[in-house]
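S.K.: Predicted model and sequence follow; I will ask about them next.
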Amino acid sequence: MKKIGALGQQHMNNGSFRELKLVLRFLACLQGIFNDEGVFPILEELFQRTIDLQTASPDDTVGLELVKIILLTLPYAIASTATGLEQKAADLLEKTDIVASSPHVLENLVDPYPMDDVELKPMVCPSLLNILQRQLQSEANNSWPLKAIPRPYNAAAAKADAEDQMQDTPKTHAFPAIDVPATINPGTGVLFPQIYFSLFADQDIESVPSTSDIASSLIRDTIVDTISLLNYNRHAAAKFLIELDCFWSSETFVKRSTAFDKLKDIPEGKSTWKPEDMVVDAVFSQILQLPMPEHQLVYYHSIITEACKVAPAAIAPSLGRAIRFLFRNVDTMDQELCYRFLDWFSHHLSNFDFRWKWTEW
């Protein structure tokens, strides 16, 4: 606990928001072993700093990052072995609503489809905070099912088992001390509002979660973190991405390499989400991120190449549908993104002997 507290404090002081988010997520998963309110007081403090930042400047983006951390931490705390957190979560969501639901002045600058006519856009790319807020409110209204998050063990069964064996009550711990400074370090990067870009979302057959489902945000977040944190090793990154379905509850995805045409035969009520589609979707959300992606574009190119080599039968069909979507809508995209698509596609083909079904083009 002392080590993780020191690590969290270091990330807080450095303005390392992704790392801070992951430390708080780890602690949220352990919510049940704390003898106090656990992760909630620090989430409350982060929100207070957000209000201070937003009051000082309507163009502030650091506060948006803090609210994103709050919203992405909440579901893991609820899914932990702790109980009776519903009211605390509801109170926090009521506070974040004013920030998450308000459009930011810079959102238009990061929209991949810069068109005034919304109906002509291939997809209306909503604010990430806005859809996160709505998704969590929907989960709260339905008693927090959070179906995608796996529960490694049943808390009630474990407690009954402990009582049967006359074991002592498990020891609880104090939440590690992480101080939220009065002035938040904005970090080294330039922060912009984030939008939810997708190639496959909200279509007739759900090969990825809809934008109304909390799974879309949680799974996308972990994929992007995996890509960004493993930027020193494209082979490891690709391997983790291919095995995405191993890290979520067993009912979350269809079997790997399931053909898109077969999804319509899946019984109603069963998931039709393809893990390959989610990976391709997330990688392209980074390639086509405005104003610039976090890493060099060639890194994202190489992840797709490696994924195709590791699991060609799974990735290739999803990639083909992604290319068709982008090619079909290239005239509506921001000009910068047209060039990025051109660069990626030419680079990708050069890695596979320029083989492609050109007849259909």
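M.R.: That came through fine. Numbering: from 1, shown residues only.

S.K.: When you work out contacts or count neighbours from here on, use the C-alpha atoms and nothing else.
M.R.: OK.

S.K.: shaky segments in the stretch 1-150 of the chain?
M.R.: Nowhere does the stretch 1-150 of the chain drop to pLDDT under 70.

S.K.: Tell me where it has helices.
M.R.: Taking DSSP state H, counting those that start in this stretch, the helices of the stretch 1-150 of the chain run over residues 2-14, 17-29, 40-56, 62-78, 86-100, 128-141.

S.K.: hey, which of the ones you listed is tucked in deepest?
M.R.: For the helices of the stretch 1-150 of the chain, the largest average neighbour count (mean count of other CA atoms under 10 Å) is found in helix 62-78, namely a mean of 23.

S.K.: how about the CA coordinates for it, as CSV?
M.R.: Output in CSV follows, covering the C-alpha atoms of helix 62-78 (Å, rounded to 0.1, in the frame of the first residue of the first chain):
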residue,chain,number,x,y,z
VAL,A,62,-6.8,19.6,-17.7
GLY,A,63,-10.1,19.5,-15.8
LEU,A,64,-11.6,17.3,-18.6
GLU,A,65,-8.7,14.8,-18.1
LEU,A,66,-9.5,14.7,-14.3
VAL,A,67,-13.2,14.0,-15.0
LYS,A,68,-12.2,11.3,-17.4
ILE,A,69,-10.1,9.6,-14.6
ILE,A,70,-13.1,9.9,-12.2
LEU,A,71,-15.6,8.4,-14.7
LEU,A,72,-13.2,5.5,-15.7
THR,A,73,-12.4,4.6,-12.1
LEU,A,74,-16.0,4.5,-10.8
PRO,A,75,-17.1,1.2,-12.6
TYR,A,76,-14.1,-0.7,-11.2
ALA,A,77,-14.9,0.3,-7.7
ILE,A,78,-18.5,-0.7,-8.1
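
S.K.: Would you mind pulling up the elements that that helix packs against?
M.R.: Judged by 3 or more CA pairs under 8 Å, 6 or more residues apart in numbering; DSSP states H and E, helix 62-78 is in contact with helix 17-29, helix 40-56, helix 86-100, helix 128-141.

S.K.: Turn the ones you listed into JSON lines, including distance to Tyr339.
M.R.: Formatted as JSON lines, those follow (distance: least, CA to CA, whole Å):
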{"stretch": "helix 17-29", "distance to Tyr339": "29"}
{"stretch": "helix 40-56", "distance to Tyr339": "35"}
{"stretch": "helix 86-100", "distance to Tyr339": "32"}
{"stretch": "helix 128-141", "distance to Tyr339": "25"}
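
S.K.: so which of those gets nearest Phe354?
M.R.: helix 128-141 (36.4 Å; CA to CA).

S.K.: Name the surrounding residues that touch the closest one.
M.R.: Residues from elsewhere that reach helix 128-141 (CA atoms under 8 Å, 6 or more residues apart in numbering): 64, 67-68, 71, 75, 86, 90, 93, 96-97, 100-102, 145-146, 194-196, 211-214, 217.

S.K.: do the same with stretch 107-124
M.R.: Applying CA under 8 Å, 6+ apart, the contact partners of stretch 107-124 are 125, 127, 192-195, 198, 288-291, 329, 332-334, 337.
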